[in-house]
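Chemist: from the sequence below, what's the structure:
(4 chains)
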Amino acid sequence: MILYEFEAKRILEGVGIPTEASVLVSEGDADRLRELASRVPGPYVVKAQLRQWGRGKAGLVRFADTLDEVERVARGMLGLEWGGERVRYVLVSERVRVLRELYLSMMVVGSPPGVLLLASGAGGVEVEERARGGLLVIRIDPFEGLRDYMVRRAAKHLGLQADQLAPLLKGMYRALWEYSLLLLELNPLAVTDRGLVAIDRKAVADEDSGNPKLSELLSRYEGELGDLQREARRWGFAAVPLEGEIAVVGNGAGLTMAALDAVADAGGRPGLFLDLGGGASADRVKAALKLALSQPRIRRVLVNVLGGITRCDEVARGLVEALREAGRPGVKVVVRLSGFMEEEGRRILEEAGLKPCGTLEEAVAEVVS
Amino acid sequence: MILYEFEAKRILEGVGIPTEASVLVSEGDADRLRELASRVPGPYVVKAQLRQWGRGKAGLVRFADTLDEVERVARGMLGLEWGGERVRYVLVSERVRVLRELYLSMMVVGSPPGVLLLASGAGGVEVEERARGGLLVIRIDPFEGLRDYMVRRAAKHLGLQADQLAPLLKGMYRALWEYSLLLLELNPLAVTDRGLVAIDRKAVADEDSGNPKLSELLSRYEGELGDLQREARRWGFAAVPLEGEIAVVGNGAGLTMAALDAVADAGGRPGLFLDLGGGASADRVKAALKLALSQPRIRRVLVNVLGGITRCDEVARGLVEALREAGRPGVKVVVRLSGFMEEEGRRILEEAGLKPCGTLEEAVAEVVS
Amino acid sequence: MAILVDERTRVLVQGITGRQGQLHTEQMLKYGTRVVAGVSPGKGGSSVHGVPVYDSVEEAVREHPDANASIIFVPARYAPDAIYEAVDAGLRLIVVVTEGIPVHEALLAVRYASSRGAVVVGPNTPGVITPGRCKLGIMPADYFKPGRIGIVSRSGTLTYEVAMRLAQAGFGVSTAVGIGGDPVTGLSFWDVYEMFLGDPETDAVVLVGEIGGVKEEEFARLYAERGRGKPVVAYVAGRCAPPGRRMGHAGAVAFGATGTYEGKVRALEEAGVRVARRLSELPELLREALAR
Amino acid sequence: MAILVDERTRVLVQGITGRQGQLHTEQMLKYGTRVVAGVSPGKGGSSVHGVPVYDSVEEAVREHPDANASIIFVPARYAPDAIYEAVDAGLRLIVVVTEGIPVHEALLAVRYASSRGAVVVGPNTPGVITPGRCKLGIMPADYFKPGRIGIVSRSGTLTYEVAMRLAQAGFGVSTAVGIGGDPVTGLSFWDVYEMFLGDPETDAVVLVGEIGGVKEEEFARLYAERGRGKPVVAYVAGRCAPPGRRMGHAGAVAFGATGTYEGKVRALEEAGVRVARRLSELPELLREALAR
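Modeler: Below you'll find the predicted structure:
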């Protein structure tokens, strides 16, 4: 789960990391915008809140000198659609006088297992800019935690006093564990005449963590899900709506992405990614197909299931039932099913007028044709 | 630092481990004894509070059925001297109906570094008794902590439900880390008709930990120190008063204990153990000798210093000064000094009428003669 | 030889009495895997498909001292505990099938295992198979034919797809290892590649990656620095996935410039790894790599 | 050979600018120990007795890649951090002279070092000396003559006393290791004994113990179970110490039935270790043990 910037800001404030004064304006508060913004000293930065990267380049971070300007800019942002997402919130922040921009981040990594601390004397949007400032990488073993010597090393690299940097790094490391964060990024971290201020930030949390401290954030996140994704979550599916009209349904993220790539490669326009996850049982496959069929934009469906131990005949019966219950005229369904009792499964599909394919390529060719 | 039982009891209660109802009576409260004890439901157990093992065998844990009995027994205990210690507190506890006695303890160990969890179905005073009940030893790696599977194993061994035992073990493990405990022992842990109750307990804390949670306990401990030990702590010496009249002063616990053993072996009666600790500098050796000389019981002093890098001539001058400033007629001082500039040191000692010895055996023979 | 598992592997199944545990114990036994014991707290004394069940790993290992590997089917909430229990009982190979283990808990458990010299495969892995000799996992065995190609993959079903295509093209598999789809796993691509390097029964390695994380990039860096002992051919899923969206349940999400398809392919190719743009190209690339 | 340190040891001194650090750097250099660098945060660029000083271990190791051991003179409060820094910089032998490190912190630091394959000697140790070849510690070198007896000790000055007595009786020392006086140390008696077992330059081992803790008992158990490759003669200090009193600053205290003199001597003797009742008996027992 990618957190909103304002959510990350609150987490940082909770662990004692200085941030700029700001006020959050949601769509519903649009009429109180000026009043809310007036609580923040100008001049301003107005930032669209989005669960993705790249808003800066898209013009969704804007300076404003007056409240009039804030109002105009913020109203322009609220409700905007960008990258498949609606701007539900804007953050109106005081514009901090920045003497120097730094970059600091921590992320969980796998091999060897630990947390990476990245620090660069050059803040800013681009990785390349960071690299120019020299990117310091410190590996924190979870069994040692953040040690003072690391703080000293990072401080030296950034041209800061260790005492000045210590509370920030300790706060970040604490937040990473307390909030089950996979990534926490201060970019830029501003050197100002009143010390270090984290004026922009990103965070990604492990939504499977079951961490009670994330429950408020999770419920906001879930409240923003469309019907499709809400229904998918109920079944434990992973659904990502896309722009086109072909739904790609499969079991396993890798396999389903591979099918998606193959469809796009063959000139098709994927409109839905739907991963059943583990356990391609008959009822789950049936539910997934019904869900795909319920999407008005979807004109074609590719079901690609490598059953393995599950009986293909059962899965085939589930698919046929789904079509009978939720089939839409003019929606073409192509199935590729492999595993135990495959022959019997193909027979059942054929009898129901479904096209059973032996390979992914065949199925892709069929669905885009 | 060996904690008082009542201190350990409070720690256990703080981490949610059930204990019996009790009231603490200090020497100063002796006149309110009956009133205090009446807050506890009878029948009673009256326990002298001591910073050592073995009070049970010494008759310092007594049952009492009535408040009259409590009063008599407790008054008999308060102020008593036992094992070099005065009974400053008694704990008056309700006598819990025990269905079965268990033993549980956790201790910090060195190799491999971790915490040992010991559990036995036979509680009681003696190790042998515990062994009879089968002593389960579970090694807890600090990097895993107390895991549920360990709780299940211990519960099975003790004939308890895991759910029943879990809060106790988790509480003990937490207390061990929160209070820098080296040892925490529930012995016995009582199985009663209202569940598990820790009716007796021992704890040893790391007094060097600098742990703020120990500060109250440490100041009580320090408040009980005699002048000798208080002065020793000021210098960073370790002093243990003993029964006899020969003070054994040395640098390093092992060497000083070896000298103590040698003195006892030769028929001498040690009256003070005084370890200078690291750094046998002239001023520290001087201070130690003065401290030993200030003890009225001490008639002879053995100073055994393996200087190493420190200059023996400097140390010798310090010793001579100490004698000049604090020497007592009739107190014999024997010195064995070894290290850099040893010859010069011996010369200085001889000039001052001190007997410099070349070996520990020589010095011991001289001091007991 | 092969890597990780072979005919000497003696398996203990943790969570054997659950639905998945029972099903896959049966499947592993059918395949010929030597499953010697199962563990399920509170179910000690029973048996599953003839395999005796114990209350704890410690008891199971005491009764079956030949056990040298474990496979964990325990639900996510209890799975970390099962890993610690297996490590502490001295097992040196632990396959964690369970998905949905909190990442930070997995981080600690996996690090703990490594500190005690145990290898964790997974979490969220289909397991390990050395075709014809030992299956320690949940993969449909039919897709894997014996041969001389090593497979290392972040994916589950995509691995089966790859193995099937290799078999159709005449390539068998020495060992296939699912390192697991979660952001933190016990083994990296490099760890497994190094094992294949030491395995005389493996001629080349197929690496199956996905967008998200930096595991492919890390492999590329190490392969460029130290590797190249055996040819590696790769496929990376997720070329058309939109950035910032989590594709599936685990680690497949690209954040900003991290974990993108382009970044991974560039890193791999610069390191000397041929990357198939389509699955169907894999056998041909493999043939070319072996010919060189 | 010898164990732990010899002429190939290249030393880094952490806390080199402190009083103790300066003094013992000088002493080690005088002895011929190759001290290649020192570390003292904020003092980088200076030098101590000709040894260059750096701000961090990482910088020191970068400039002196031959450094393979560290000795720590940092005050107790900062010493754990110094251990982590040394481990993370890849040093594999770390001698911690500092006393008074909180036991629970030492526990974690020492366990961390072992998880990364580093050996910690101490805390609260005089260090390690291989007479005539390398002194990595604070012991007065004169007491230690080259020879074929290994010494392993919990004590500081008592070790010097023992070494002196051995020298007077004609025995030299292969290596003397102070494992450290604190309750938790990086090395156990057994760890060091095992090293001596593998050292062709050591014929027998003198173990110097103290009351308190269970280190001597643990050694006895392991020696009875697996050991006896080389004869061991022991001395245990504290026979006349009263129970329940902390003798000295570290671990020397017997609690109840744990850590008593009698228990230790019984355990050692039952395991086949001769225990000298007096220091003066050590050389004779050693002679007998070697004759057998």
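
Chemist: contact residues of the stretch 51-200 of chain A facing chain B?
Modeler: For the stretch 51-200 of chain A, the residues found near chain B under the criterion Cβ under 8 Å from any Cβ of the partner chain are A:F143. Bear in mind the C-beta positions are built from the backbone N, C-alpha and C, glycine included.

Chemist: identify the residues contacting A:S338.
Modeler: Shown in contact with A:S338 (Cβ atoms under 8 Å, 6 or more residues apart in numbering or on different chains): A:305-307, A:312, A:358, C:164.

Chemist: tell me where the chain has helices.
Modeler: Looking at chain A here, since you left the chain open. Counting by DSSP state H, chain A forms helices over residues A:5-14, A:33-37, A:67-77, A:127-132, A:148-158, A:162-178, A:215-223, A:227-235, A:253-265, A:282-293, A:312-326, A:342-351, A:360-368, given from the N-terminal end onward.

Chemist: correction: the question concerned chain C.
Modeler: For chain C, helices defined by DSSP H occupy the ranges C:19-31, C:57-63, C:79-88, C:103-115, C:157-168, C:189-197, C:215-226, C:261-270, C:282-291.

Chemist: so for the shortest one, what gets flagged as buried?
Modeler: By neighbour count on 16 or more other Cβ atoms under 10 Å in any protein chain shown, the buried set for helix C:57-63 is C:57-61.

Chemist: quick one: average pLDDT of that helix?
Modeler: This predicted structure assigns helix C:57-63 an average pLDDT of 98.

Chemist: thought C:V36 was touching C:P65?
Modeler: No - using Cβ atoms under 8 Å, C:V36 and C:P65 do not qualify as a contacting pair, with a distance of 9.7 Å.

Chemist: who's more crowded, those two?
Modeler: Neighbours per residue (other Cβ atoms under 10 Å in any protein chain shown) separate C:V36 from C:P65, with C:V36 holding more: 21 against 11.

Chemist: flag every residue of chain A that's near chain D.
Modeler: Proximity of chain A to chain D is confined to A:139, A:141, A:143-144, A:147-149, A:152-153, A:156 under the rule Cβ under 8 Å from any Cβ.

Chemist: and the residue of chain C that's closest to chain B?
Modeler: Chain C approaches chain B most closely through C:E85 (4.1 Å), counting by Cβ to the nearest Cβ.

Chemist: the domain parsing of chain A - what is it?
Modeler: Per automatic domain parsing, the structural domains of chain A span A:21-94, A:100-205, A:227-368.

Chemist: which stretches of the stretch 1-150 of chain A have low pLDDT?
Modeler: With pLDDT under 70 as the threshold, the stretch 1-150 of chain A has low-confidence stretches at A:123-133.

Chemist: oops, could you answer that again for chain C instead?
Modeler: Within chain C, the segments meeting pLDDT under 70 span C:1, C:249-256.

Chemist: tell me the domain ranges of it?
Modeler: According to automatic domain parsing, chain C is divided into the following domains: C:10-121, C:139-291.

Chemist: make JSON lines out of the ones you listed and add distance to A:E94.
Modeler: Compiled in JSON lines, the domains of chain C are given as follows (distance: least, Cβ to Cβ, whole Å):
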{"stretch": "domain C:10-121", "distance to A:E94": "34"}
{"stretch": "domain C:139-291", "distance to A:E94": "25"}
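
Chemist: for A:R194, find the nearest of these.
Modeler: When the domains of chain C are compared by Cβ to Cβ, domain C:139-291 sits nearest A:R194, at 29.0 Å.

Chemist: the closest residue to chain B within chain A: how many residues sit nearby?
Modeler: Per Cβ to the nearest Cβ, the residue of chain A with the smallest distance to chain B is A:F143, at 5.3 Å. If you count neighbours by other Cβ under 10 Å, A:F143 ends up with 20.

Chemist: quick check: it touching B:F143?
Modeler: Yes - when contacts are counted by Cβ under 8 Å, A:F143 is listed as touching B:F143 (5.3 Å).

Chemist: go through stretch A:209-221 and flag the buried ones.
Modeler: Neighbour counts using 16+ other Cβ under 10 Å place A:209, A:211, A:214, A:217-218, A:221 of stretch A:209-221 among the buried residues.

Chemist: starting at the chain centroid, how far to it?
Modeler: Using Cα atoms, centre = their mean, to the nearest Å, we find the averaged C-alpha position of stretch A:209-221 to lie 15 Å away from the chain's own average C-alpha position.

Chemist: so does it get close to chain C?
Modeler: Yes - with Cβ under 8 Å from any Cβ as the threshold, stretch A:209-221 lies in contact with chain C, specifically through A:209-211.

Chemist: how about that stretch and chain B, touching?
Modeler: No - against chain B, stretch A:209-221 shows no contacts by Cβ under 8 Å from any Cβ, the least distance being 15.7 Å.

Chemist: what about that stretch, how long is it end to end?
Modeler: Distances were taken as Cα to Cα, to the nearest Å; on that basis the terminal residues of stretch A:209-221 are 15 Å apart.

Chemist: residues from the stretch 201-350 of chain A in reach of chain C?
Modeler: Those residues of the stretch 201-350 of chain A that sit near chain C, judged by Cβ under 8 Å from any Cβ, are A:202, A:204, A:206, A:208-211, A:236, A:238, A:240, A:242, A:250-258, A:260-265, A:270, A:273, A:275, A:277-278, A:306-309, A:338-340.

Chemist: ok, of the residues of chain A next to chain D, which come out buried?
Modeler: Neighbour-count burial within those applies to A:141, A:143-144, A:147-149, A:152-153, A:156; the criterion is 16+ other Cβ under 10 Å.

Chemist: nearest to chain D within chain C, name that residue for me.
Modeler: Counting by Cβ to the nearest Cβ, chain C gets nearest chain D through C:S115, at 3.6 Å.

Chemist: got the domains of chain C as JSON lines, with distance to chain A columns?
Modeler: Formatted as JSON lines, those follow (distance: least, Cβ to the nearest Cβ, whole Å):
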{"stretch": "domain C:10-121", "distance to chain A": "4"}
{"stretch": "domain C:139-291", "distance to chain A": "2"}
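
Chemist: out of these, which gets nearest to D:V121?
Modeler: Closest approach to D:V121 among these (Cβ to Cβ): domain C:10-121, 20.0 Å.

Chemist: straight-line length of the closest one, end to end?
Modeler: Domain C:10-121 has an end-to-end distance of 16 Å (criterion: Cα to Cα).

Chemist: and if you look at stretch C:9-26?
Modeler: Between the start and the finish of stretch C:9-26 there is a gap of 16 Å, counting by Cα to Cα.

Chemist: report the beta-bridge partners for the nearest residue to C:S46 once chain neighbours are set aside.
Modeler: Nearest in space to C:S46, with sequence neighbours left out and distances taken as Cβ to Cβ, 6 or more residues apart in numbering or on different chains, is C:V53 at 4.7 Å. Counting by DSSP bridges, C:V53 forms beta bridges with C:G38.

Chemist: test my guess that C:V53 contacts C:V36.
Modeler: No - applying Cβ under 8 Å, one finds C:V53 not in contact with C:V36, separated by 11.5 Å.
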